[in-house]
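Asks: got a predicted structure here, sequence first:
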Protein chains: 2
Amino acid sequence: MRISQIAPLAETVPPKLYGGTERVVSWLTEELVAQGHDVTLFAAGGSKTAAKLDTGCDQGLRLQGIHDQTATNLVMLDKVKLLADQFDIIHCHIDVLQYPLFQDLSHKLITTLHGRLDKTDIWPVYRAYPHMPLISISNRQREPMPPGLNWLATVYHGLPTGLCPYNPTGGDYLAFLGRISPEKRPDRAIEIAKRAGVKLKIAAKIDTADRAYFKEMIEPMLNHPLIEFIGEIDDSRKCAFLGNALALLFPIDWCEPFGLVMIEAMSAGTPVIAWRNGSVTEVISDGVGGIIVDSMDMAVEAVARIKALDRASVRSYFESRFTEKHMANNYAAAYEKHLSRQGAPPMLAAAE
Amino acid sequence: MRISQIAPLAETVPPKLYGGTERVVSWLTEELVAQGHDVTLFAAGGSKTAAKLDTGCDQGLRLQGIHDQTATNLVMLDKVKLLADQFDIIHCHIDVLQYPLFQDLSHKLITTLHGRLDKTDIWPVYRAYPHMPLISISNRQREPMPPGLNWLATVYHGLPTGLCPYNPTGGDYLAFLGRISPEKRPDRAIEIAKRAGVKLKIAAKIDTADRAYFKEMIEPMLNHPLIEFIGEIDDSRKCAFLGNALALLFPIDWCEPFGLVMIEAMSAGTPVIAWRNGSVTEVISDGVGGIIVDSMDMAVEAVARIKALDRASVRSYFESRFTEKHMANNYAAAYEKHLSRQGAPPMLAAAE
């Protein structure tokens, strides 16, 4: 299949630092190429890919200090539109801007929505262009959206199987990884660890917007022999940090659309103790990939029970659902489904 | 002429509170209607106009708490495009989003750029669509932009002549009106007043982003018998505040694209003491509408000289250049010029 992937331009693909979406686009693109598809990646200059690369800007916009990416994205989308004949599928990983421009190309445009969908700011375009084909990254992610949209599929994110290697033994600490912010509830993680009497290591960055929250709410809780605040860690240390843990704590208080860190932990064999919220019930198989809880008491009790979970089974569960191959296969199936719905003959995968 | 005016959706037209652009769009729209044109205003619901009103949303987006207006604007622009045949001219007062969508309609689309143009974030669209016809609100505003753009005209803003009525006597205080922010330099205004030994009244709002600047830099300067901080005032008090002043201080430290407050003051007969920056040399006629300065010494000296300026001449100068009629006539001429450039016969104004 001739596929174009349209990445956000905030970061290169893959990103140098943060950028969950750019990371997922990279894994998907490389796997589609590996499966024999003819892939063109539209992304920031400096991106690295085995696909053909068409750059929308010299380098990732965030590192250039450009916060409003609208103008650059519009120009890239317009270029994609000019080249539309060259592609069977145009797979967009940015949203909102493309709908009016591509409304006559809905037979080949597919958009994956990567963010939270409960902000009413974005709804007008979905009400205006309900026929545009959409893919969610969890079923739960769709819930706040207006009815009557053209949902094609849910495709869960997937990781390269070797990225966070399986660690058969794990370790003795609970891990909290991500960002210090009220909706991630590091305060819950700290309380769980203290009540369970188990070590907690917090590897998290603090954005400017969350500095006051950290100072007032979290920092006063850190002075305890069981709690270690490591600060921000880079990708290379992340997988070891997860793999060496007893469990990942994911005590979120918001409607997480997917939660990459959960599958990174499970890839390493580390089970997840997660609050029932957002995508959690879809990503964690309760009692296999981890334990799903609804309260602090349940979470503390889960820490006591977590050792009983077999790390090999956690890894197997990851391998059965959340690899890059699953993701790419599911996307390829969604592409086929979309094309065949319009009466076009199903495209043969290039590898077949 | 069949004209559509495309307003920002942040506020109604005219706005209930702030919204310089929405205010200008309102004055222009009403004057074009008064001149006999067939005008359709695309704006937020709740807008008031003698033109036909087509609403892009129920009410101004800012008061709904919607900060990202992209989705709503895109849907409105797409609707305008569908109706394009009904208009000879589509006059857009928002920028960036319309260029790819309207690139085949550049023969009837005109965009007024209302903001500062030195932010590189927006340049990609201007580089990509250099043929799109643009109007600047001062010549100086254009300077940072890439070369080779299709500038059609500069059209200065204009006010209804009765909005800020002529006050033949003025008063004994210097006025500072607007927003407390580093680039508006309220600190300079305070220093000028203290050195000149003349009262200063500051009527200014303090945005959240500028709270620290106010606390640290400005508040400590306010405790002085000559300085009075009034805080924010609404439109109904603004013209009296300006009209009762000896002079308006406009000691800006940024590249102001136009500066409505300067013509509001001159409408009331109040001269302006302004720093040579941005549009100032185009809006103030030095020695007539006010005094243009380059330094604190010059500004202090200007306060001593300002009484010599004839308030009636200030008002006459305003009337000769900055009324809503001038603005509407200049826009109508720009519309004609744009249409005639394409070989179309000049449209007759409906009033003729």
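Replies: Cool, got the structure.
Asks: next, the buried residues of stretch A:123-143.
Replies: Buried positions in stretch A:123-143, judged by neighbour count with 16 or more other CB atoms under 10 Å in any protein chain shown: A:123-126, A:128-129, A:132-138, A:140-142. The way it works is simple: take the backbone N, C-alpha and C, and place the C-beta from them, glycine included.
Asks: likewise for stretch A:260-279?
Replies: Buried residues in stretch A:260-279 (16+ other CB under 10 Å): A:260-275, A:277-279.
Asks: quick one: contacts for the residue positioned nearest the centre of chain A?
Replies: Within chain A, one residue has its C-alpha closest to the average C-alpha position: by CA atoms, centre = their mean, that is A:L260, at 4.6 Å. Taking CB atoms under 8 Å, 6 or more residues apart in numbering or on different chains as the criterion, A:L260 is in contact with A:20, A:23-24, A:157, A:159.
Asks: for A:D104, give me its contacts.
Replies: Here A:D104 is in contact with no residue (CB under 8 Å, 6+ apart).
Asks: actually A:I230, not the one I typed
Replies: A:I230 touches A:201-203, A:241, counting by CB under 8 Å, 6+ apart.
Asks: now intersect these with the strands, please.
Replies: Cross-referencing those against strands under DSSP state E gives A:201-203.
Asks: list buried residues within the residues you listed.
Replies: Buried members of those, counted by 16+ other CB under 10 Å: A:201-203.
Asks: of the residues you listed, which is the nearest to chain B?
Replies: Taking CB to the nearest CB as the measure, chain B lies nearest A:I202 of those, at 29.3 Å.
Asks: can you tell me who that closest one pairs with across the strands?
Replies: Note on A:I202: beta-bridge partners by DSSP bridges are A:F176, A:F229.
Asks: go on, A:C92?
Replies: For A:C92, the beta-bridge assignment (DSSP bridges) gives partners A:I6, A:T111.
Asks: and of the contacts of A:I230, the nearest to A:K48?
Replies: For the contacts of A:I230, the residue nearest A:K48 by CB to CB is A:F241; the value is 24.5 Å.
Asks: apart from its chain neighbours, what residue comes closest to the closest one?
Replies: The spatially closest residue to A:F241, leaving aside those adjacent along the chain, is A:A203, at 5.5 Å (CB to CB, 6 or more residues apart in numbering or on different chains).
Asks: residues contacting the one you found?
Replies: A:175-177, A:230-233, A:237-238, A:241.
Asks: now those as JSON lines including pLDDT?
Replies: Shown next, in JSON lines, are the contacts of A:A203 (pLDDT from 0 to 100):
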{"residue": "A:A175", "pLDDT": "98"}
{"residue": "A:F176", "pLDDT": "98"}
{"residue": "A:L177", "pLDDT": "96"}
{"residue": "A:I230", "pLDDT": "95"}
{"residue": "A:G231", "pLDDT": "92"}
{"residue": "A:E232", "pLDDT": "89"}
{"residue": "A:I233", "pLDDT": "89"}
{"residue": "A:R237", "pLDDT": "91"}
{"residue": "A:K238", "pLDDT": "93"}
{"residue": "A:F241", "pLDDT": "97"}
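Asks: separate out the buried members of these.
Replies: For the contacts of A:A203, a burial check counting by 16+ other CB under 10 Å picks out A:175-177, A:238, A:241.
Asks: need the max-distance pair from the residues you listed.
Replies: Within the buried ones among the contacts of A:A203, A:F176 and A:K238 form the most distant pair, 12.4 Å apart (CB to CB).
Asks: in this structure A:D210 contacts A:E183, no?
Replies: No. Using CB atoms under 8 Å as the test, A:D210 is too far from A:E183 to be in contact (10.1 Å).
Asks: who's more crowded, those two?
Replies: Taking neighbours as other CB atoms under 10 Å in any protein chain shown, A:D210 and A:E183 compare with A:D210 leading, 19 against 13.
Asks: where does the stretch 51-200 of chain A dip in pLDDT?
Replies: Judged by pLDDT under 70, the stretch 51-200 of chain A has no weakly predicted residues.
Asks: need the residues of it near chain B, please.
Replies: Residues of the stretch 51-200 of chain A that fall close to chain B, judged by CB under 8 Å from any CB of the partner chain: A:57, A:66-72, A:74-75, A:77-78, A:81, A:96-97, A:99-101, A:103, A:119-125, A:127-128.
Asks: among the residues you listed, which lie within helices?
Replies: Among those, the residues falling in helices (DSSP state H) are A:70-72, A:74-75, A:77-78, A:81, A:99-101, A:123-125, A:127-128.
Asks: and of the residues you listed, the nearest to B:A10?
Replies: Set against B:A10, the nearest of those by CB to CB is A:P124 (14.3 Å).
Asks: so the closest one sits right up against B:L61, yeah?
Replies: No. The criterion here is CB under 8 Å, and A:P124 misses it with B:L61 at 9.9 Å.
Asks: overlap in contacts of the two?
Replies: Common neighbours of A:P124 and B:L61 (criterion: CB under 8 Å, 6+ apart): B:T72.
Asks: list the buried residues of the helix or strand hosting A:M327.
Replies: In the assignment (DSSP states H and E), A:M327 maps to helix A:324-341. For helix A:324-341, burial by neighbour count (16+ other CB under 10 Å) applies to A:324-332, A:334-336, A:338-339.
Asks: can you redo these as CSV, where the extra columns are distance to A:I192 and pLDDT?
Replies: Putting the buried residues of helix A:324-341 into CSV (distance: CB to CB, whole Å; pLDDT from 0 to 100) gives the following:
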residue, distance to A:I192, pLDDT
A:E324, 32, 98
A:K325, 34, 98
A:H326, 31, 98
A:M327, 31, 98
A:A328, 36, 98
A:N329, 37, 98
A:N330, 34, 98
A:Y331, 36, 98
A:A332, 40, 98
A:A334, 38, 97
A:Y335, 42, 98
A:E336, 44, 96
A:H338, 43, 96
A:L339, 48, 95
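Asks: need those residues in CSV (columns: distance to B:I218).
Replies: What follows is the buried residues of helix A:324-341, written out as CSV (distance: CB to CB, whole Å):
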residue, distance to B:I218
A:E324, 56
A:K325, 61
A:H326, 59
A:M327, 54
A:A328, 58
A:N329, 61
A:N330, 58
A:Y331, 56
A:A332, 61
A:A334, 57
A:Y335, 59
A:E336, 64
A:H338, 58
A:L339, 62
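Asks: next, find the distance separating the closest residue to A:M296 other than its chain neighbours from chain B.
Replies: Nearest residue to A:M296, sequence neighbours excluded (CB to CB, 6+ apart): A:E191, at 6.4 Å. Distance, A:E191 to chain B, using CB to the nearest CB, to the nearest Å: 32 Å.
Asks: ok, A:V33 - contacts?
Replies: Here A:V33 is in contact with A:39, A:49-51 (criterion: CB under 8 Å, 6+ apart).
Asks: which of the residues you listed count as buried?
Replies: A:39, A:49, A:51.
Asks: now, which of the residues you listed sits nearest chain B?
Replies: In terms of CB to the nearest CB, no member of the buried ones among the contacts of A:V33 lies closer to chain B than A:T49, at 22.1 Å.
Asks: now do the same for that closest one: helix, strand or coil?
Replies: coil (DSSP: H, G, I helix; E, B strand; the rest coil).
Asks: now do the contacts for it.
Replies: A:13, A:26, A:29-30, A:33, A:41, A:43.
Asks: tell me the one among those residues nearest to B:W151.
Replies: Among the contacts of A:T49, and counting by CB to CB, the member closest to B:W151 is A:A43, at 33.3 Å.
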